[in-house]
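[1] Need coordinates for the below:
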Amino acid sequence: MSKPFNSSGEPSFGPLRGVNIVEFAGMGPGPFAAMLLADMGADIVRIERPDAPDELVSPIADRGRRRVRADLKEPGDLRRIFALLNEADALIEGYRPGVMERAGLGPDEVLRRNRRLVYGRITGWGQTGPLAKVAGHDINYIAITGALSAIGPKAQPMPPLNLVGDFGGGALYLAMGILAALIEARATGIGQVVDCAMCDGAISLMTAIYEKTSMGEWTEDREANIFDGGAPFYRTFECADGLYVSIGALEPKFYGLLCESIGMTERLSEDERDNPKNWPELNAQLAAIFKQKTRGEWTRQLEGTDACFAPVLSLSEAPLHPHLQARQSFITRKGVVQPAPAPRFSRSVSSVREVDPTPVPISSFVADTAS
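    Next up, the predicted model:
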């Protein structure tokens, strides 16, 4: 066969250079996990449907990968896909359980041909269990974990965007699982399946909260706990201009500095401050103080101190913040402002690969080969 990996003309950087991955096009957490791995240097070929649009559907999440169109029902295309997989280190797919098996690309068949391959699967409910084949989205996956019940105002649970299930409990755990399995495969020569369920990952993300619950330090009421807006020293406050600031002064010394900085000379003792019975009154007191100035005025007064303060910025404001600009936390590619690769490495630096995003038929990308 031809050598489709590492042949884009764009040099690969990052700690994953030399790692070859085949991604089957999907939506949400699968592409995001692939983006993370591509930013870290993995060479990823994305398999798309024959009728896939020429333009990228997700110009940020789909960045850094070459695109090929293939018909999974066409024998020649299927052989070419296997030729790719035989040279790959890992596979990423996010379809409902059974879809890849019906296409002849299930783990048994793929791993029989390439025993060192890591087969990464991401779904909401997982590959097994009574809900495995049921439709759902992030809000449903986190609803059964306890996470959704714990988030939002007192009156009603509120989904925290789609961060906890899709991307936190899904994509990040998929990327971590693939990397762990790759390390093991390089040591043993034997790959395996990574079954990443967003509900599993969301539960894992809730470890600290479940720990506090087991210790009697967390109640199931919302806005009644230390991290859910109940504690007056860990929440947001509205300012005179209707904008908000965040306060995270958990430790007594930081809380003391905050109180001094905002002119609150009379304050509760540490034990009294930490007593939830005193929180409503203290919340009201702090809310009245922060209402006296604009967000900009409070930022000039408190930002850069140990009062554990930060302004609550909008999506359009965030790329303009001096700290994020200094760290180049956002980048611009083809006029699109987007998050920069993360995390950062001191030597093998991650980057967004500038590959041609135009999809090509797999027949022009991989030579046909007997199965």
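[2] Pull the residues that contact the helix ranked longest in the chain.
    Secondary structure of the chain per DSSP state H: the longest helix is helix 172-188. With contact meaning C-beta atoms under 8 Å, 6 or more residues apart in numbering, helix 172-188 is reached by 19, 29-30, 33, 36-37, 89-90, 92, 116-118, 120, 122, 190-192, 194, 196, 200-201, 204. (Each C-beta comes from the backbone N, C-alpha and C, glycine too.)
[3] Among these, name the ones in helices.
    Using DSSP H, Pro29, Gly30, Ala33, Leu36, Leu37, Asp200, Gly201, Ser204 are the members of the contacts of helix 172-188 that sit in helices.
[4] Neighbour-wise, give me the winner out of those.
    Pro29 (30 neighbours; other C-beta atoms under 10 Å).
[5] That residue against Leu163, yeah?
    No. With contact defined as C-beta atoms under 8 Å, Pro29 does not count as touching Leu163 (10.5 Å).
[6] May I see the buried residues of stretch 352-365?
    Val352, Arg353, Val355, Pro357, Pro359, Ile362, Phe365 (16 or more other C-beta atoms under 10 Å).
[7] What is the nearest of the residues you listed to Thr236?
    Val352 (32.6 Å; C-beta to C-beta).
[8] Distance-wise, check the closest one relative to Asn86.
    28 Å (C-beta to C-beta, to the nearest Å).
[9] Ala187 now?
    Applying C-beta to C-beta to Ala187 and Asn86 gives a distance of 21 Å.
[10] List the residues that contact Ile21.
    Contacts for Ile21 (C-beta under 8 Å, 6+ apart) come out as Ala34, Leu37, Ala42, Asp43, Ile44, Val45, Ala88, Asp89, Ala90, Leu91, Ile92.
[11] who's in contact with the third one?
    Looking back up the chat, that one is Ala42. For Ala42, the contacting residues are Ser12, Gly14, Leu16, Arg17, Val19, Asn20, Ile21, by C-beta under 8 Å, 6+ apart.
[12] The fifth one - how many residues pack around it?
    This means Val19. Counted with other C-beta under 10 Å, Val19 comes out at 24.
[13] and the residue nearest the centre of the chain, helix, strand or coil?
    Centroid-nearest residue in the chain: Phe167, 3.4 Å away (criterion: C-alpha atoms, centre = their mean). Secondary structure of Phe167, reduced to three states by DSSP: H, G, I helix; E, B strand; the rest coil: helix.
[14] Kindly report the same for Leu324.
    Going by three-state DSSP: Leu324 is helix.
[15] Please identify which helix or strand holds Ala342.
    In the assignment (DSSP states H and E), Ala342 maps to no helix and no strand.
[16] Okay, it and Gly263: tell me how far apart.
    Ala342 sits 38 Å away from Gly263, going by C-beta to C-beta.
[17] What of Arg80?
    Computed as C-beta to C-beta, the Arg80 to Gly263 distance reads 70 Å.
[18] now Thr305
    14 Å.
[19] Just want to know which of those two has more residues nearby.
    Using other C-beta under 10 Å as the criterion, Thr305 and Gly263 rank with Thr305 on top: 12 against 8.
[20] pretty sure the more buried one contacts Leu257?
    Yes. Judged on C-beta under 8 Å, Thr305 makes contact with Leu257 at a distance of 6.7 Å.
[21] mind checking how far the residue nearest to the centre of the chain is from Ile122?
    From Phe167 to Ile122 the distance is 11 Å (C-beta to C-beta).
[22] okay, and the common contacts of these two?
    Taking C-beta under 8 Å, 6+ apart as the criterion, Phe167 and Ile122 both touch Pro29.
[23] nearest residue to Pro311 other than its sequence neighbours?
    Among residues not flanking Pro311 along the chain, Thr299 sits closest, at 4.8 Å (C-beta to C-beta, 6 or more residues apart in numbering).
[24] Checking that neighbour next. Helix, strand or coil?
    Classified using three-state DSSP, Thr299 is helix.
[25] Give me the distance between it and Phe290.
    12 Å.
[26] do Asp195 as well
    Asp195 is 47 Å from Phe290, by C-beta to C-beta.
[27] Give the residue spans of the stretch 251-371 of the chain that score low on pLDDT.
    Scanning the stretch 251-371 of the chain for pLDDT under 70 picks out 369-371.
[28] Now do the helices in it.
    Counting by DSSP state H, counting those that start in this stretch, the stretch 251-371 of the chain has helices at residues 252-261, 270-273, 279-290, 295-302, 322-326.
[29] Between Thr299 and Phe290, which contacts overlap?
    Val245.
[30] residues of stretch 157-170 that come out buried?
    Pro157, Pro159, Pro160, Asn162, Val164, Gly165, Asp166, Phe167, Gly168, Gly169, Gly170.
[31] Could you do stretch 258-268 as well?
    Under the neighbour-count criterion of 16+ other C-beta under 10 Å, stretch 258-268 has Leu258, Cys259, Ser261, Ile262, Leu268 buried.
[32] Next, work out how far apart the second one and Glu251 are.
    Summarising the geometry, the distance separating Cys259 from Glu251, computed by C-beta to C-beta, is 13 Å.
[33] How about Leu182?
    According to C-beta to C-beta, Leu182 and Glu251 sit 40 Å apart.
[34] of those two, who's got more company?
    More neighbours surround Leu182 than the other of Leu182 and Glu251, with 23 against 13 (other C-beta under 10 Å).
[35] Spit out the contact partners of the closest residue to Phe32 other than its chain neighbours.
    The shortest distance from Phe32 to any non-neighbouring residue, by C-beta to C-beta, 6+ apart, is to Ala171 (4.2 Å). Residues counted as contacts of Ala171 (C-beta under 8 Å, 6+ apart) are Gly28, Pro29, Gly30, Phe32, Ala33, Leu36, Ile122.
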